[in-house]
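1. I would like the atomic coordinates for the input below:
(chains A and B)
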Number of protein chains: 2
Amino acid sequence: MSPTDREDLRQRVTKAVEAFLTGQRPRLDAISLDLIPAADALEAFLLDGGKRLRPAFAYWGWRGAGGEDNDAIVSAAAALEWLQASALIHDDVMDGSDTRRGRPAVHRQFASRHRAEGWQGSAEAFGTAAAILLGDLALIWADEMVNTSGLPAEALRRAQPVYDEMRTELMAGQYLDLLAQAVGGHSVERSMTVARYKSAKYTVERPLHFGAALAGAGPDIIRAYTAYGLPLGEAFQLRDDVLGVFGDPSVTGKPAGDDLREGKRTVLIAKALAAATSDQAAVVERHLGDPALSEAGVAELREVISSTGALAETERVIGELTGSALAALDVDGLDRTARDVLRELAVAATTRRG
Amino acid sequence: MSPTDREDLRQRVTKAVEAFLTGQRPRLDAISLDLIPAADALEAFLLDGGKRLRPAFAYWGWRGAGGEDNDAIVSAAAALEWLQASALIHDDVMDGSDTRRGRPAVHRQFASRHRAEGWQGSAEAFGTAAAILLGDLALIWADEMVNTSGLPAEALRRAQPVYDEMRTELMAGQYLDLLAQAVGGHSVERSMTVARYKSAKYTVERPLHFGAALAGAGPDIIRAYTAYGLPLGEAFQLRDDVLGVFGDPSVTGKPAGDDLREGKRTVLIAKALAAATSDQAAVVERHLGDPALSEAGVAELREVISSTGALAETERVIGELTGSALAALDVDGLDRTARDVLRELAVAATTRRG
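-> Below is the predicted model:
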């Protein structure tokens, strides 16, 4: 499995999402042509970006458990992109983010539309409301795409509990993240709980379990996926934290230091504070969560995170977690091709630049 | 079926929701005890109010098609309360409503909590974000409750397309409603489209179809439910419009004239404007959608709606629609007990005071 093969799955996932949307459009058109901009916004969001990481884990979770390649599993796996779209659209409303994947966030797009059309009432409120509804629709369409993927009813029935668990964990993780930012403080433990539920389980472990359950996997495979997925998911989240501070905007599609302006309570920040001198801690307290933080302020925070050793320590932990993830794949009964690809995915997910 | 029997079904629905929540709580607690207030807020929302109208139509849709009474169908029908909770929680965020069912709206509850705890950041933004996530969780739990209701897999598979259709129509209707308010104008036709999707199909026709599909109903029953459900749903929405302007706050649980302050583009308002003199139209233009509208302003608007004949005309249409709904129940193959109850439900839904 070369990067080209990974690109091939990515394209199949995109095509499956496209085909699903092609089926949904006539339904919306039959209700009202006023829904076209809503469908367009979802289409642009789903087709223009995304690493397709969750579908990849779901697909290889299936293959690892002995499932055959076919279009139905690609379609069921691709459905996770709708779930992710829902989470991101709502997340951007909650964070008041301006951009996503290098374009205006959905709520900003609809606020601009309101302004351009000279409509009545508040453009911001309209944008927020439209984004809430589009996120809801994406959440609904995730299930619908799973259920109409073409997989046998028995397979779908087996995977339903994992799917439900994944969605509840996602929302719980989001809520705990919100709460951590409101409560403040910089507990490494609290940050780890958020990372575990919002990211490790939702991004890696549960998609693998979802594919495995669809394929009717036994307990050994399920356990191996947990032992691989949880450390990898944590490493993935730590990479996200690093990119949120040090990432190149031309690759990440988000403004430099956006996480710092939002005041995200990441493990990286918690580690920096744990090792900071009182002067360094004062810099963090002053700048973190300042929506108007300048480039110079971002640079000062980066300096603190580097010089406290938090960056190097986080890089070390990412390497360590990736190592345990890879070791967990040495289990009997796991398909060999899937094992190779899951190894590559682990490295790609934790060394990415955007 | 007396009002007491309807009360009995309502209690069984409430018990089913309660039992489902009892099963969800340990899952949330295992993630973090910080989730307890979120579960509490959902519990209060679900258990303290609601007419349980959608579950009643789903249940009697099943019974009408020959399904036997059992706890599994009550549980599947009760799941629609989660869908409705999701729609209302998100709706209140979108409208910026202060109250729901006589209590503070969910986003207001969480904003108050933020303020009381002296947390960081904006209390309003926290309330909004928490309500978005709780609405998402309610939307997810709706499916989960259907899927774990105990109905046979084959029945669930049959009803899945109707369930998906219902949810997409709900979101489409909400979006069209939002758009109609932004675009302004007072088209009776546009108001009718919104009412049809947001209310007629979602509140009556689709719940009936959902119950019917679960029971494996034939096309005659499905058609009869459409012929009953659509006019009844429109009548139901018109009653809502009337209550939104003339309702008694102690019965509706919403402040008097709330729909007027929100600037809702209802059929009632469209009819009033269509028959208004230029002086009367000026009163509507001045007051409708004014968030600070006084009691006196509400009274002036009521006077216009009455004296243009729009109120009487709307009452006449409600009666007419209810009449066609009742006539549609004279179809072969419909269970007789169900027919009697559906008749009572039609009258109760269109003559209610709150």
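2. Give me the next element, helix or strand, following the longest helix belonging to chain A.
-> In chain A, assigned by DSSP state H, the helix with the most residues is helix A:153-183. Counting by DSSP states H and E, the next helix or strand C-terminal to helix A:153-183 is helix A:188-195.
3. Could I get the CA-only coordinates of the helix or strand just after that next one as CSV?
-> Under the assignment DSSP H and E, the closest C-terminal helix or strand after helix A:188-195 is helix A:206-215. Output of helix A:206-215 as CSV, limited to C-alpha atoms (Å, rounded to 0.1, in the frame of the first residue of the first chain):
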residue,chain,number,x,y,z
ARG,A,206,-14.3,3.5,16.9
PRO,A,207,-14.0,3.7,13.1
LEU,A,208,-11.8,0.5,13.3
HIS,A,209,-14.4,-1.1,15.5
PHE,A,210,-17.2,0.0,13.2
GLY,A,211,-15.5,-1.7,10.2
ALA,A,212,-14.7,-4.7,12.4
ALA,A,213,-18.2,-5.1,13.6
LEU,A,214,-19.6,-4.8,10.0
ALA,A,215,-17.2,-7.7,9.1
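4. hmm, who's touching helix A:206-215?
-> For helix A:206-215, the external contacting residues (C-beta atoms under 8 Å, 6 or more residues apart in numbering or on different chains) are A:54-55, A:57-67, A:73, A:76-77, A:80, A:151, A:155-156, A:158-159, A:161-163, A:165-166, A:169, A:221-222, A:225-226, A:228-229. Every residue, glycine included, has its C-beta placed from N, CA and C.
5. okay, and for the stretch 1-150 of chain A, where does confidence drop off?
-> Applying pLDDT under 70 to the stretch 1-150 of chain A flags residues A:1-4.
6. quick revisit: report the rounded mean pLDDT for the longest helix of chain A.
-> For helix A:153-183, mean pLDDT rounds to 94.
7. Next, the angle helix A:206-215 makes with that helix.
-> 170 degrees (axes from the mean of the first three to the mean of the last three C-alpha atoms, to 10 degrees).
8. List the buried residues of helix A:153-183.
-> For helix A:153-183, the neighbour count (16 or more other C-beta atoms under 10 Å in any protein chain shown) marks A:155-156, A:158-160, A:162-182 as buried.
9. just stretch A:23-39 next, same as before
-> Buried residues in stretch A:23-39 (16+ other C-beta under 10 Å): A:Gln24, A:Leu28, A:Ile31, A:Ser32, A:Asp34, A:Leu35, A:Ala38, A:Ala39.
10. could you dump those residues to a markdown table with secondary structure?
-> Converted to a markdown table, these look like this (DSSP: H, G, I helix; E, B strand; the rest coil):
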| residue | secondary structure |
| --- | --- |
| A:Gln24 | helix |
| A:Leu28 | helix |
| A:Ile31 | helix |
| A:Ser32 | coil |
| A:Asp34 | helix |
| A:Leu35 | helix |
| A:Ala38 | helix |
| A:Ala39 | helix |
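11. mind giving me the domain split of chain A?
-> Per automatic domain parsing, the structural domains of chain A span A:1-48+A:80-148, A:155-354.
12. Give the full set of residues in contact with A:Thr226.
-> So A:Thr226 contacts A:Glu205, A:His209 (C-beta under 8 Å, 6+ apart).
13. quick one: which helix or strand includes it?
-> Assigned by DSSP H and E, A:Thr226 belongs to helix A:219-246.
14. distance between that helix and the chain's centre?
-> Relative to its parent chain, helix A:219-246 has a centroid offset of 12 Å by C-alpha atoms, centre = their mean, to the nearest Å.
15. for stretch A:182-190, same thing?
-> Distance of stretch A:182-190 from its chain centroid, counting by C-alpha atoms, centre = their mean, is 21 Å.
16. Give me the distance between the two termini of that stretch.
-> End-to-end span of stretch A:182-190 (C-alpha to C-alpha, to the nearest Å): 13 Å.
17. got it, and stretch A:144-161?
-> Start and end residues of stretch A:144-161 are separated by 16 Å (C-alpha to C-alpha).
18. is chain B contacted by it?
-> Yes: on the criterion C-beta under 8 Å from any C-beta of the partner chain, stretch A:144-161 is in touch with chain B at A:Glu144, A:Asn147, A:Ala153, A:Glu154, A:Arg157, A:Gln160.
19. Make TSV out of those residues and add distance to A:Arg196.
-> Listed next are those as TSV, based on distance: C-beta to C-beta, whole Å:
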residue	distance to A:Arg196
A:Glu144	29
A:Asn147	29
A:Ala153	33
A:Glu154	31
A:Arg157	28
A:Gln160	23
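20. distance of A:Arg265 from chain B?
-> Going from A:Arg265 to chain B by C-beta to the nearest C-beta, to the nearest Å gives 10 Å.
21. which residues touch the closest residue to that residue other than its chain neighbours?
-> Of all residues not flanking A:Arg265 in the chain, A:Ala180 sits nearest, at 4.7 Å (C-beta to C-beta, 6 or more residues apart in numbering or on different chains). Shown in contact with A:Ala180 (C-beta under 8 Å, 6+ apart): A:Ser187, A:Arg190, A:Ser191, A:Val194, A:Arg265.
22. swap in A:Ala153?
-> With contact set as C-beta under 8 Å, 6+ apart, A:Ala153 has these partners: B:Ala153, B:Glu154, B:Arg157.
23. Name the residues of the stretch 151-300 of chain A found near chain B, please.
-> For the stretch 151-300 of chain A, the contact set with chain B under C-beta under 8 Å from any C-beta comprises A:153-154, A:157, A:160, A:164-165, A:167-169, A:171-176, A:178-179, A:181-184, A:193, A:197, A:263, A:289.
24. what's the farthest-apart pair in the contacts of A:Ala180?
-> Greatest spacing in the contacts of A:Ala180, by C-beta to C-beta: A:Ser187 and A:Val194 (10.1 Å).
25. So for these two, which residue has more residues nearby?
-> Neighbour totals were compared for A:Ser187 and A:Val194, and A:Val194 leads with 25 against 16 (other C-beta atoms under 10 Å in any protein chain shown).
26. So what touches stretch A:98-110?
-> With C-beta under 8 Å, 6+ apart as the contact definition, stretch A:98-110 has outside contacts at A:41, A:44-45, A:48-50, A:88-89, A:92-93, A:97, A:112, A:126-128, A:130-131, A:134-135, A:253-255.
27. Filter those down to just the buried residues.
-> Buried by 16+ other C-beta under 10 Å: A:41, A:45, A:50, A:88-89, A:92-93, A:97, A:126-128, A:130-131, A:134-135, A:254, out of those.
28. In helices, which of those residues appear?
-> If you go by DSSP H, the buried ones among the contacts of stretch A:98-110 have A:41, A:45, A:88-89, A:92-93, A:126-128, A:130-131, A:134-135 in helices.
29. Filter the residues you listed to keep only those in contact with chain B.
-> A:Val93, A:Phe126, A:Thr128, A:Ala130, A:Leu134, A:Gly135.
30. Tell me the spacing between A:Gly96 and chain B.
-> For A:Gly96, the distance to chain B - C-beta to the nearest C-beta - is 7 Å.
31. actually A:Gln237, not the one I wrote
-> A:Gln237 is 16 Å from chain B, by C-beta to the nearest C-beta.
32. ok, that residue - contacts?
-> A:Ala195, A:Lys198, A:Ser199, A:Ala200, A:Thr203, A:Val267.
33. which of those sit farthest apart?
-> A:Thr203 and A:Val267 (15.3 Å).
34. Number of residues surrounding A:Asp248?
-> By the criterion of other C-beta under 10 Å, A:Asp248 has 10 neighbours.
35. Is it correct that it is in contact with A:Gly354?
-> Yes: using C-beta atoms under 8 Å, A:Asp248 is in contact with A:Gly354, at 7.2 Å.
36. returning to what we had before: closest one of the residues of stretch A:144-161 next to chain B to B:Glu320?
-> Closest to B:Glu320 out of those is A:Glu144 (36.2 Å), distances taken as C-beta to C-beta.
37. Lovely, talk soon.
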